[in-house]
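Asker: Just need the structure, nothing else, for what follows:
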Amino acid sequence: MALRLHQVLAVASGVTAETKKELEILAQVMGNGDLYTGFYGTYTPRAEQEPGKEPTAATMRRPPKVMKVRVTTGEVLSQLRRVVSRRWDVQRTVDSASALATADVVLRDGSVLLPKVPVRHLMYLEAELSELYGRLERLPVLDPSRTWPDGVPADGIRRSVPVETTSEDKVFYAHVLYEATKEHAAQVKERERQEVVGTWSTVFESGALSPDEKFRMLARLTEVREAVKIAREQANSVTAEDYQEGGAVLDYILGAS
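Answerer: Sure thing, here's the model as predicted:
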C-alpha cells in the first residue's frame with residue numbers, strides 16, 4: 001500500500017527510536033570480545049586405571065571443561081544488517097519523497113505568493129512566521145487619546161493635531177477694603193490670584209504605528225502563515241515510493257555474496 005509523506009514521517013520517527021535502542025545493544029555486544037571466545041578442554045590421566053584397584057589421582061578421569069562461544073561475528077553482522085538496512089531504507093524513502101514534495105503558497109485572493117516550495121522549507125517558514133508574529137505584536141501604537149492626521153511623513157515621525165492648553169500664573173491686584181471718604185483715604189490691600197497669562201500649543205510626535213496599521217500587518221502575517229500551513233499539508237500528501245537501499249549497500253560493505 002502506498003503511503004503519503006506524512007504517514008512515512010510518522011513511521012520514520014518510530015523506526016529511528018527503535019533502531020537506536022537496538023544499535024546501542026549491538027554496540028555493547030560488538031565491543032565485548034569475551035562473548036566471541038570459548039574453549040573445550042579434555043583431561044587425560046597420567047596412568048591407566050588397573051582393573052580391581054581403587055582409582056588414584058594419577059588414574060582418575062575428569063570431566064571436560066567447556067565454555068561455549070556465545071556469539072559469532074556472523075550473527076552480530078546479520079543483526080546489524082537487519083537494523084541498519086531498515087533504518088536506511090526508511091530514511092531514503094523520507095528523503096526521496098521530501099525532495100518531490102512541494103506546494104505553492106497561495107493567498108486568499110488566489111494569488112501565488114511563493115511557487116513550488118519544498119516541504120522542509122515550508123516547515124521552517126511556518127515556525128519562523130510564528131516567531132515573527134510575536135515580535136510584531138510587541139510594536140507600540142499611537143496614543144489613541146490624541147488626534148493624528150492620516151499618512152506617514154517622509155521622516156517616519158507622525159505629528160498630532162496641536163493641543164491648546166492655558167497657562168496660569170499669580171497676578172497681584174489692589175483690593176479695596178474701605179472706600180475713600182471726605183475724612184479718610186481709601187484702605188487698599190495687595191492680594192494675589194491665579195489668572196490665565198498665556199496659551200500653550202503642543203504638538204505630540206510619535207514614531208509608532210497606528211492601531212489600524214498594526215492590525216492589518218498582523219492580519220497579513222496570519223494570512224501568510226495559514227497559507228504556508230495549507231501548503232505544507234498539501235506537500236505532505238505526496239505519495240512516497242518505498243526504497244530498499246540498505247541491503248545492497250551493507251551486502252557490499254560486509255562482503256555478503
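Asker: Quick check: can you list the domain ranges of the protein?
Answerer: 1-101+241-257, 110-159+204-235, 162-202 (automatic domain parsing).
Asker: okay, the ones you listed in CSV with mean pLDDT and mean neighbour count next?
Answerer: All C-beta atoms are positioned from the backbone trio N, CA, C, and that covers glycine. Formatted as CSV, the domains of the chain follow (pLDDT from 0 to 100; neighbours: other C-beta atoms under 10 Å):
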stretch, mean pLDDT, mean neighbour count
domain 1-101+241-257, 87, 13
domain 110-159+204-235, 94, 14
domain 162-202, 84, 10
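Asker: which residues does residue 206 bridge with?
Answerer: With DSSP bridges as the criterion, residue 206 is bridged to residue 158.
Asker: got the contact list for it?
Answerer: By C-beta atoms under 8 Å, 6 or more residues apart in numbering, the residues touching residue 206 are 142-143, 148, 157-158, 160.
Asker: between the residues you listed, which is nearest residue 216?
Answerer: Closest to residue 216 out of these is residue 142 (14.2 Å), distances taken as C-beta to C-beta.
Asker: hang on, that closest one packs against residue 207?
Answerer: No - at 9.6 Å, residue 142 does not count as touching residue 207 under the criterion of C-beta atoms under 8 Å.
Asker: Quick check: neighbours shared by those two?
Answerer: With C-beta under 8 Å, 6+ apart, residue 142 and residue 207 have common neighbours residue 158.
Asker: Find the nearest non-adjacent residue to residue 227, please.
Answerer: Leaving aside its sequence neighbours, residue 227 sits nearest to residue 105 (C-beta to C-beta, 6 or more residues apart in numbering; 4.9 Å).
Asker: correct me, but that neighbour touches residue 231?
Answerer: Yes - counting by C-beta under 8 Å, residue 105 does reach residue 231; the two are 4.8 Å apart.
Asker: what touches both of these two?
Answerer: Joint contacts of residue 105 and residue 231 (C-beta under 8 Å, 6+ apart) are 114, 117, 122.
Asker: Please flag which of the residues you listed sit within strands.
Answerer: Secondary structure assignment by DSSP state E places 114, 117 of the shared contacts of residue 105 and residue 231 in strands.
Asker: now, among the shared contacts of residue 105 and residue 231, which is nearest to residue 26?
Answerer: For these, the nearest to residue 26 is residue 122 (36.4 Å; C-beta to C-beta).
Asker: Give me the distance between the nearest residue to the closest one once chain neighbours are set aside and residue 13.
Answerer: Nearest residue to residue 122, sequence neighbours excluded (C-beta to C-beta, 6+ apart): residue 232, at 4.1 Å. Separation of residue 232 from residue 13 (C-beta to C-beta, to the nearest Å) stands at 17 Å.
Asker: just to revisit the earlier point, please identify which pair of the contacts of residue 206 lies farthest apart.
Answerer: 143 and 157 (13.9 Å).
Asker: quick check, residue 40 in a strand?
Answerer: Yes - the assignment for residue 40 by DSSP: H, G, I helix; E, B strand; the rest coil puts it in a strand.
Asker: Could you give the bridge partners of it?
Answerer: residue 66.
Asker: ok, now residue 165?
Answerer: Counting by DSSP bridges, the residues bridging with residue 165 are residue 200.
Asker: Just confirm it contacts residue 202, I think it does.
Answerer: Yes - if you go by C-beta under 8 Å, residue 165 and residue 202 touch, sitting 6.7 Å apart.
Asker: mind checking how far stretch 231-250 is from the chain centre?
Answerer: Averaging C-alpha positions (C-alpha atoms, centre = their mean, to the nearest Å) puts stretch 231-250 23 Å from its chain's average.
Asker: Tell me where this structure has strands.
Answerer: Using DSSP E, strands in the chain cover 3-4, 39-41, 65-67, 102-106, 112-118, 158-159, 163-178, 187-202, 205-206, 239-240.
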